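Peer 1: mind looking at a prediction? Sequence and model below.
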Amino acid sequence: MHTVLYGRLPNGLRVVTVQRPHLHRAVLSAYIHVGSRHETPGTNGLSHFLEHMLFRGIRRLPTASAFNHQVEALGGSLAAATHGDFTRFELTLPPGALADGAQLLGEVFTEPVFSDREVETGIVREEILEDLDEDGTDINADNVVRARVFLGHPLAMPITGSVKNVERFTERHLREHLGRYYRARNMAVVVAGPMAHRTMQRAVTRAFSGLEPGAASAPVAFRPSQSRLRTSLVTHPGSQSAVRLAFPTVGLRSPRSRHLELLLRVLDDGMSTRLHRRICDERGLAYEVNGAIELFDDAGIFDVASSVAHDSVDSLLGEVLSILGELCQDGPTRDEVEKVHRRYAFDLDTLEDDAHGLCDYYGTSELFEDRQSPAERRREVLAVTAQDLRRAARTTFDPRRLSLVRVGPRERDGRERLQALARTYRERFARACLTRFPRFPGRGRLELQRPRAPVLSVAKARTSSLDRAGVFS
């Protein structure tokens, strides 16, 4: 069982330490509230490019090679990722090297040198080109469907940005972005390991006290306004078509966000769930089909993805829409609800063996002010009923909020066929929802939202004088 302590440095940095005595490594993760949704069309890709450039060295180790050698000489590894609404840096180390490793990561944020910008520009350019065809058209179906769902909002932009933007970013752009977002009050740091809480707290305090306080970021809110089908057909030759079917959803702060997580598990959480069983096992339409949900603070996206033979696109999309319609009409079975309850609870239990998972759970929860212990999370999940999930399906899978994307060869009647599939689904949805259910939030109107309860710990989260005082000394 693990114990958790929360604190805040004098500069405003939120710090969580997670003690798990059986672990043989320490993981330190820093979460910064900045991503592509904090950008404009002219700065799109800057958060991702800055993440890359922060690996190019620090003042006392001014090259990427020297910096990486020092991390690895400690027995550690450093990784990072940029998301739509946050950026994460994750340092894995032997427990005895935590203090030195934390100091290195702290200097990444306070003393970067941004060496060899042209080299890193070339690397990021190659990453961007993976999603483009020879004419510069985005053929990444995930990017395309998000552009439709979040039309006109920064969340519609790709995380990597454009080649044009990346090639014109200068050191001034990097330092301005760093100075605006990489500030203590816009960050959270989590350490998970076998050491005493005080040892972990001391390492973080020494490494990150030099951060300027700054202020928390406030990204542009997403206010859904979609009222009819959106489609995109992107021409790209290949042996298969990539298809996406997506709906906008409520965000993390909605009381219904947990229902969406369980609804996803009804559809896709193993080979016996509805999507894989119907699409793959019973009809053989695709090698694999995946459901996913991405929740931001105020909004989200629920999508289904697959790659399929060109002449099977209509059959696959029709089957997926049929599955969604059945959930709207009848909801999940009792067996399905019991299964998703068990599997969700099991995933909470397995965090005890996963230092990276513990950091991710606590880090994102702290960054977005969503503390909830695993015991509280478990109770909340077990209280969700089949009726809750049917209501969530009817509210989420509204045909007026549907976006359909196909990336594949040109077809003269492709758009008309997608629209015909949507019409059939709309008629079925109308029959399923004979009673009126709450409308999806419309333009200028957001549903009443409540903050969610605290953070993960299948053991009880323990409160100490440190947590009450709220300051590390």
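Peer 2: Perfect, I can see it now. Numbers count the residues shown, from 1 in each chain.

Peer 1: low-confidence ranges, this structure, go.
Peer 2: Under the criterion pLDDT under 70, the flagged ranges of the chain are 434-473.

Peer 1: break it down into its domains, please.
Peer 2: Domain ranges of the chain: 3-219, 230-432, per automatic domain parsing.

Peer 1: in TSV: these, plus mean neighbour count.
Peer 2: All C-beta spots, glycine's among them, are computed from the backbone N, C-alpha and C. Below are the domains of the chain laid out as TSV (neighbours: other C-beta atoms under 10 Å):
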stretch	mean neighbour count
domain 3-219	19
domain 230-432	19
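
Peer 1: tell me the secondary structure for the most centrally placed residue in the chain?
Peer 2: Centroid check for the chain by C-alpha atoms, centre = their mean gives Glu294 as the closest residue, at 5.3 Å. When classified by DSSP: H, G, I helix; E, B strand; the rest coil, Glu294 comes out as strand.

Peer 1: separation between it and Ile32?
Peer 2: Taking C-beta to C-beta, to the nearest Å as the measure, Glu294 and Ile32 are separated by 18 Å.

Peer 1: OK, contacts around the residue nearest to the centre of the chain?
Peer 2: Neighbour list for Glu294: 84, 300-301 [criterion: C-beta atoms under 8 Å, 6 or more residues apart in numbering].

Peer 1: so what's it bridging to?
Peer 2: Ile301 (DSSP bridges).

Peer 1: ok, now how distant is Arg278 from Ser65?
Peer 2: Taking C-beta to C-beta, one finds Arg278 at 51 Å from Ser65.

Peer 1: just Arg265 next, same as before
Peer 2: 44 Å.

Peer 1: what do you get for Arg371?
Peer 2: In terms of C-beta to C-beta, Arg371 sits 40 Å off from Ser65.

Peer 1: next: Val405.
Peer 2: Look at Val405 and Ser65: by C-beta to C-beta, they are 41 Å apart.

Peer 1: for Ala308, grab phi and psi.
Peer 2: Let me fix one detail, which is that residue 308 is Val and not Ala. Per-residue torsions, Val308: phi -150, psi 150 (degrees, to the nearest 10).

Peer 1: isn't it right up against Ser241?
Peer 2: Yes - with contact defined as C-beta atoms under 8 Å, Val308 reaches Ser241; the gap is 6.0 Å.

Peer 1: now list whatever residues contact both of the two.
Peer 2: With C-beta under 8 Å, 6+ apart as the test, Val308 and Ser241 reach no residue in common.

Peer 1: now do the strands in this protein.
Peer 2: For the chain, the strands defined by DSSP state E occupy 3-8, 14-19, 26-32, 77-82, 87-93, 187-193, 230-235, 241-249, 289-295, 300-308, 403-408.

Peer 1: got these as JSON lines, with distance to Glu39 columns?
Peer 2: As requested, those are exported to JSON lines (distance: least, C-beta to C-beta, whole Å):
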{"stretch": "strand 3-8", "distance to Glu39": "28"}
{"stretch": "strand 14-19", "distance to Glu39": "24"}
{"stretch": "strand 26-32", "distance to Glu39": "14"}
{"stretch": "strand 77-82", "distance to Glu39": "11"}
{"stretch": "strand 87-93", "distance to Glu39": "12"}
{"stretch": "strand 187-193", "distance to Glu39": "18"}
{"stretch": "strand 230-235", "distance to Glu39": "22"}
{"stretch": "strand 241-249", "distance to Glu39": "20"}
{"stretch": "strand 289-295", "distance to Glu39": "17"}
{"stretch": "strand 300-308", "distance to Glu39": "18"}
{"stretch": "strand 403-408", "distance to Glu39": "22"}
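
Peer 1: closest to Arg343 out of the ones you listed?
Peer 2: Nearest of the strands of the chain to Arg343, taken as C-beta to C-beta: strand 289-295 at 14.2 Å.

Peer 1: pull that closest one out as PDB, backbone CA atoms only.
Peer 2: What follows is strand 289-295, C-alpha atoms only, in PDB (Å, rounded to 0.1, in the frame of the first residue of the first chain):
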ATOM      1  CA  VAL A 289     -11.100  -1.500 -34.200                       C
ATOM      2  CA  ASN A 290     -10.500   0.800 -31.300                       C
ATOM      3  CA  GLY A 291     -12.600   3.100 -29.100                       C
ATOM      4  CA  ALA A 292     -11.000   6.000 -27.300                       C
ATOM      5  CA  ILE A 293     -11.900   9.000 -25.200                       C
ATOM      6  CA  GLU A 294      -9.800  12.100 -24.500                       C
ATOM      7  CA  LEU A 295     -11.000  14.400 -21.800                       C
END
